[in-house]
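Colleague: Sequence and computational prediction follow.
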Amino acid sequence: MNFNHFSKFAVATVFATGTMLSAINPAQADERFTLAHPMPPEHIFHPTSEKFMEALGDGYEVEYHPGGDLGDWTSLFEQSMQGAVPMTMTFAATEFDPRLNIFAAGYIVDSWEQARELYGPGGALIPVYDEILADLDMKLVGVLPVDFGGYAIRKGVGEVPLNLPEEGNGIKVRVPGLEIAIKRYELLGFSPVPMPFSELYTALQLGTVDGRTFGPPPEIWQMRDVLEAYVYSKDYFEHAYWLVNKSWWDGLSDEDRSEIQGAVDTAVGWAWDEAQNISDKTLEDIRGAGIDVVEFSPEQLEAVKKIVYEQEWPFLEEIVGPETTAALKSAAGIN
């Protein structure tokens, strides 16, 4: 269904069980649109969506599809880009624009406070994202925090690689299909295996891979029964794009855009206020499930950062170009 031309004052028609219902009086018709995301109820996407719908109030009908009902994160990015799903919470699908690899750039922020300054409401990196996404007919209405990421080892491996790259030892780890993700874990000594997220749990069960990377605590908790160790490396800060199709957005009335953006802002503000508390609680739950949670020593962290800054960042610049790299470094305050 094409939502691009829905209007708050247009005649609304609804299909239910294969039958077209009677048209609603135009003066009473709601603005109706879909909000979809790929994550389970435990993820911050779900309560944030609920806060948004509560704040939106009357006059709008949101068809809410959580948990990947309408596709995984890459599919939802594409569907939003095309206008089939007018609003989504998802991650950077770099196949549509390589500049989006900056999403996963390593060691940009070290704390929640720095993360909020860079990615939160009014954050320094948002204009950089806006410029890229506008070229894909998308608008960024907000950036959602998830958590710092790390890598986990499945049950039975019996190794916790911390001194990198030496202890990577060719250990097979799943990485998302991002060029920068593959390169990082090659440089850190692992054998990266690009794999869709939907195949990851089974791959860990069967031993197809020895571990997984780019894992924030909510995803480690989700897969807790197949994991034995979690290295909370904080090599990147996972954040999500709250996106709308730009053509759909531009077709709304000024009043609708203002009200929808206001509800988004309310929900995003709540998410940033709560994210660190959720992180702390989730890490506690992970430890309670018997998973060994460890962090780098200062010396180990310094060694990993040296690899990232000296070898990964030049590779990133080759992918995204010097202009985007300069914009990223300027926003992050990196010389």
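Modeller: Done, it's in.

Colleague: Point out where the protein drops to low pLDDT.
Modeller: Across the chain, the ranges flagged by pLDDT under 70 are 1-29.

Colleague: in this structure, which spans are helices?
Modeller: The residue ranges that make up the helices of the chain, judged by DSSP state H, are 45-56, 73-82, 112-119, 126-134, 179-187, 200-206, 217-222, 246-251, 254-288, 298-307, 313-320, 322-332.

Colleague: Buried residues, the longest one. List them.
Modeller: Read it as helix 254-288. The neighbour-count check on helix 254-288 (16 or more other CB atoms under 10 Å) flags 256-257, 259-260, 263-264, 266-268, 270-272, 275-276, 278-279, 282-283, 285-286 as buried. Quick note: C-beta positions are derived from backbone N, CA and C, even for glycine.

Colleague: what's it packed up against?
Modeller: When contacts are defined as 3 or more CB pairs under 8 Å, 6 or more residues apart in numbering; DSSP states H and E, helix 254-288 packs onto helix 45-56, helix 112-119, strand 138-148, helix 217-222, strand 292-294.

Colleague: Just the angle for that helix relative to helix 45-56, thanks.
Modeller: Comparing the axes of helix 254-288 and helix 45-56 via axes from the mean of the first three to the mean of the last three CA atoms, to 10 degrees yields an angle of 150 degrees.

Colleague: Could you do the last one as well?
Modeller: Counting by the same axes, to 10 degrees, helix 322-332 points 80 degrees away from the direction of helix 45-56.

Colleague: Pull out the buried positions in helix 322-332.
Modeller: Result for helix 322-332 [16+ other CB under 10 Å]: buried residues 324-325, 327-329, 331-332.

Colleague: how far away is P322 from D265?
Modeller: Distance of P322 to D265, computed by CB to CB, to the nearest Å: 33 Å.

Colleague: make that A104, sorry
Modeller: 26 Å.

Colleague: Which one of the helices and strands packed on helix 254-288 lies nearest to Q82?
Modeller: Of all the helices and strands packed on helix 254-288, it is strand 138-148 that lies closest to Q82, at 10.0 Å by CB to CB.

Colleague: mind saving the C-alpha coords of the closest one as CSV?
Modeller: Once side chains and other backbone atoms are set aside, the C-alpha atoms of strand 138-148 remain, and they are given as CSV (Å, rounded to 0.1, in the frame of the first residue of the first chain):
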residue,chain,number,x,y,z
MET,A,138,14.8,9.7,3.6
LYS,A,139,14.6,12.1,6.5
LEU,A,140,16.1,11.5,9.9
VAL,A,141,13.6,12.5,12.6
GLY,A,142,15.6,11.1,15.5
VAL,A,143,18.6,9.0,16.5
LEU,A,144,17.9,6.3,19.1
PRO,A,145,20.6,5.0,21.6
VAL,A,146,21.1,1.3,21.9
ASP,A,147,24.3,0.7,23.7
PHE,A,148,28.0,0.2,23.3
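
Colleague: which secondary structure elements does that strand contact?
Modeller: The criterion is 3+ CB pairs under 8 Å, 6+ apart, and the helices and strands that strand 138-148 contacts are helix 112-119, helix 126-134, helix 217-222, strand 237-245, helix 246-251, helix 254-288.

Colleague: Just checking: what are the partner strands of the fourth one?
Modeller: Looking back up the chat, that one is strand 237-245. Looking at strand 237-245 with DSSP bridges, its partner strands are strand 87-90 (antiparallel), strand 138-148 (antiparallel).

Colleague: Reformat the ones you listed into TSV and put mean neighbour count and distance to K246 next to each item.
Modeller: What follows is the strands paired with strand 237-245, written out as TSV (neighbours: other CB atoms under 10 Å; distance: least, CB to CB, whole Å):
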stretch	mean neighbour count	distance to K246
strand 87-90	27	12
strand 138-148	23	5
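
Colleague: any chance of these in CSV, plus distance to Y119?
Modeller: Formatted as CSV, the entries for these read as follows, by distance: least, CB to CB, whole Å:
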stretch, distance to Y119
strand 87-90, 14
strand 138-148, 5
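
Colleague: hmm, back to that, columns distance to L164 on top of the helices and strands packed on helix 254-288, output as a markdown table?
Modeller: As requested, those are exported to a markdown table (distance: least, CB to CB, whole Å):
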| stretch | distance to L164 |
| --- | --- |
| helix 45-56 | 31 |
| helix 112-119 | 23 |
| strand 138-148 | 17 |
| helix 217-222 | 19 |
| strand 292-294 | 13 |
